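>>> sequence and predicted structure, then a few things I'm wondering about:
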Amino acid sequence: MNFKKEFAEVLAELLNSEKTAAELELLIEKPKNAAHGDLAFPCFTLAKIKRKAPNLIAQELSEQIKAPIFEKVEVVGGYINVFLNKKLVSEKIISQIITQKGEFGTHDFGQNGNVTIDMSSPNIAKPFSMGHLRSTVIGNAIALIVEKCGYQPIKINHLGDWGTQFGKLITAYKLWGDADKVRANPISELLALYVKFHEVAETNPALEDDGRAWFKKLEDGDAEAVELWEWFRDESLKEFSRIYDLLNVEFDSLAGESFYNDKMDRIVDMLEEKGLLVESNQALVVELTEEGLPPCLIKKSDGATLYATRDLAAALYRKETYDFVKSLYVVGHEQSLHFKQLIAVLKKMGFEWAGNMAHIPFGMMLTGGKKMSTRKGKVVLLEEVLNESIEMARHNIEEKNPTLANKDEVAKQVGVGAVIFHDLKNNRMNDIEFSLEELIRFEGETGPYVQYTFARACSILRKANWQADAAVPDYHTSWEKEWKVVSHLLEFPNVIKRACDNLDPSQIAKYVIDLAQVFNKYYAEVRILEESEEQTARLALVYSVTEVLKEGLRLLGIAAPEEM
């Protein structure tokens, strides 16, 4: 159902191979003003080839365009504007959606290639804060979008379960910890110990040395260090799984940083064999001067390995295990330098597949204009925000629809959906200032607004007792009143492709808001349930809107309740 492609093919035939249909398709635009048609072709690039003014070329070509899919062709300056045949196109697209249902908008250009997605990655023994929401929901939506385009996503929760911070935590626990308190309330107790460590270390810097020493013991397999670390990890995973259940996010792998502890020597050996390791201030680095980057630190002076060493081991493991066609890292933009270094080192090692790795950065979640900091105890807990949003949704339901069945489930879907949508509707590179009021607002451009529009459309279909049938011979309408909604439905496959190409879920979030707004305007102007010869067409349109809204929300990781 690619009308841009059909228009391009018509033009290519008229131009006698002066430009291919594929080249022409890239030039075709969708006019911002509907009065200028459904598609527009700018003739300016043909001026040099034809040695004529663009408006003359446009005039000549427009007179030759004859295709049943276009009901009108106009020239405005150097543009050929075409108006699609509303009846023909509407009935084609509505029948396609009714037949394909949730499969509408699916692409196959991924050809089943594996895409690893490094996402979420909270630190164990620390609370799951709002700061971790972004990587989790952006990564989950990207996984769903690439799957819709024919790839096989592999979601990896690269848990922060290794590093000097665990030496610090063990030090703090040994000094001030109480086993019973930790068992009773593990995450908040461990966080309090971690915060206390940094407060005391400000006046007693020797504490930092103790932290490093305990981490070295952990790396070397010291029994006490390993036992404490495993305990902290297990307690954290129990807490995290509760939050992931709320968000309805699952993973294919929980291989965190510790998983690569026995895989790093191989990386160091390979770097040595290739003559890439250089000593600098008693540490080992890979020089990246030619790449315009600072050196990549591989081993500290005390022999402890680093974040970069583990990520090199992880990249190689993922390539050997999953043979990915793309490897994505959904990590905040403050890590951009690290990923540039990581990819540059792998390329220096001779791994061409490093060119298929990409960092998918995003802005920060801020409080009072500043980044949330676990170290200083300044965090907003994600679980508390989700629970408050669910409670507000439950309150709204009790107020407006107290007899609703499955109230608790719908409240959860709406409350969690509000939090996810608030994040995903923003361009991922933008920082987001945390505001609970803004986050759980249900009016305006929000997830609950889209969910409510879907539920309203489902209600219309229930009242009409309407059954989807793709084989209706004639819808008995010109589709004039419905055209704005139809033209939005037409865009869905293109929006999915753009979201996949740009790895940007906000494209889909903005699309479902636009579709919901256009549909609500149509609903306000047209009596859908009034018996008329146009009713079948109108109900078919409503059904198509429900399918596309539901699928759009699904691609964002948000449920679509049929009643609210």
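Sure thing, it's come through.
>>> now residue 559: closest residue in space, sequence neighbours ignored.
With CB to CB, 6 or more residues apart in numbering as the criterion, residue 559 has its nearest non-adjacent residue at 4.0 Å, and that residue is residue 413. No exception for glycine: its C-beta is placed from N, CA and C like everyone else's.
>>> do residue 19 as well
residue 12 (6.7 Å).
>>> so which strand or helix has that neighbour?
Taking DSSP states H and E as the definition, residue 12 sits inside helix 3-14.
>>> now residue 328
For residue 328, the host element (DSSP H and E) is strand 326-330.
>>> check which element follows that strand along the chain.
Once strand 326-330 ends, the next helix or strand along the chain (criterion: DSSP H and E) is helix 336-348.
>>> tilt between that following helix and strand 326-330?
Using axes from the mean of the first three to the mean of the last three CA atoms, to 10 degrees, the direction of helix 336-348 lies 160 degrees away from that of strand 326-330.
>>> just the C-alphas of helix 336-348, formatted as CSV.
C-alpha atoms of helix 336-348 as CSV (Å, rounded to 0.1, in the frame of the first residue of the first chain):
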residue,chain,number,x,y,z
SER,A,336,29.1,8.7,24.5
LEU,A,337,32.9,8.9,24.8
HIS,A,338,33.1,5.4,26.4
PHE,A,339,31.2,3.9,23.4
LYS,A,340,33.3,5.7,20.9
GLN,A,341,36.4,4.3,22.5
LEU,A,342,34.9,0.8,22.8
ILE,A,343,34.0,0.7,19.0
ALA,A,344,37.4,2.3,18.1
VAL,A,345,39.4,-0.3,20.1
LEU,A,346,37.4,-3.2,18.5
LYS,A,347,38.1,-1.8,15.0
LYS,A,348,41.8,-1.5,15.9
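>>> could you give me the buried positions within that helix?
Taking 16 or more other CB atoms under 10 Å as the basis for neighbour counts, the residues of helix 336-348 that come out buried are 338, 339, 340, 341, 342, 343, 344, 345, 346, 348.
>>> hang on, the first one packs against residue 310?
In this case it means residue 338. No - the pair residue 338 and residue 310 does not pass the contact test of CB atoms under 8 Å, sitting 11.3 Å apart.
>>> for residue 457, which non-adjacent residue is closest in space?
Leaving aside its sequence neighbours, residue 457 sits nearest to residue 546 (CB to CB, 6+ apart; 4.7 Å).
>>> give me the mean pLDDT for whichever strand or helix holds the one you found.
With elements taken from DSSP H and E, the one containing residue 546 is helix 535-555. Averaged across helix 535-555, the pLDDT comes to 97.
>>> so what does it touch, helix or strand wise?
Counting by 3 or more CB pairs under 8 Å, 6 or more residues apart in numbering; DSSP states H and E, the packing neighbours recorded for helix 535-555 are helix 86-100, helix 133-148, helix 447-464, helix 483-502, helix 506-525.
>>> just the buried residues of the shortest one, please?
Read it as helix 86-100. By neighbour count on 16+ other CB under 10 Å, the buried set for helix 86-100 is 86, 87, 89, 90, 91, 92, 93, 94, 95, 96, 97, 98.
>>> can you name the next helix or strand after it?
According to DSSP H and E, the helix or strand after helix 86-100 is strand 114-118.
>>> pLDDT (mean, whole number) over that next one?
When pLDDT is averaged over strand 114-118, the result is 98.
>>> and the angle from it to helix 133-148?
Taking the same axes, to 10 degrees, strand 114-118 and helix 133-148 form an angle of 170 degrees between their directions.
>>> contact partners of strand 114-118?
139, 142-143, 146, 151-156, 158, 314, 318, 322-331 (CB atoms under 8 Å, 6 or more residues apart in numbering).
>>> so where's this structure uncertain?
Low-confidence segments of the chain (pLDDT under 70): 303-305, 368-379, 439-440, 470-473.
>>> where is the longest helix in it?
The helix spanning the most residues in the chain, taking DSSP state H as the definition, is helix 223-247.
>>> show me what that helix is packed up against.
Helix 223-247 makes packing contacts with helix 133-148, helix 164-176, helix 186-201, helix 206-219, helix 382-400, helix 407-424 when contacts are defined by 3+ CB pairs under 8 Å, 6+ apart.
>>> nearest to residue 296, out of the ones you listed?
With CB to CB, the closest approach to residue 296 among the helices and strands packed on helix 223-247 belongs to helix 164-176: 17.9 Å.
>>> which strands or helices does that closest one pack on?
In terms of contact count using 3+ CB pairs under 8 Å, 6+ apart, helix 164-176 is assigned the packing partners helix 186-201, helix 206-219, helix 223-247.
>>> adding mean neighbour count, write the ones you listed out as CSV.
Putting those into CSV (neighbours: other CB atoms under 10 Å) gives the following:
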stretch, mean neighbour count
helix 186-201, 18
helix 206-219, 18
helix 223-247, 16
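>>> out of those helices, which is closest to residue 130?
Shortest distance between residue 130 and the helices and strands packed on helix 164-176, using CB to CB, is found for helix 223-247: 11.3 Å.
>>> measure how whichever helix or strand comes after that closest one sits relative to helix 206-219, angle-wise.
Using DSSP H and E, the helix or strand that follows helix 223-247 towards the C-terminus is helix 264-273. Using the same axes, to 10 degrees, the direction of helix 264-273 lies 100 degrees away from that of helix 206-219.
>>> what is the helix or strand just after helix 264-273 packed up against?
Past helix 264-273, heading to the C-terminal end, the next element that is a helix or strand (DSSP H and E) is strand 277-280. In terms of contacts (3+ CB pairs under 8 Å, 6+ apart), strand 277-280 is packed against strand 283-286.
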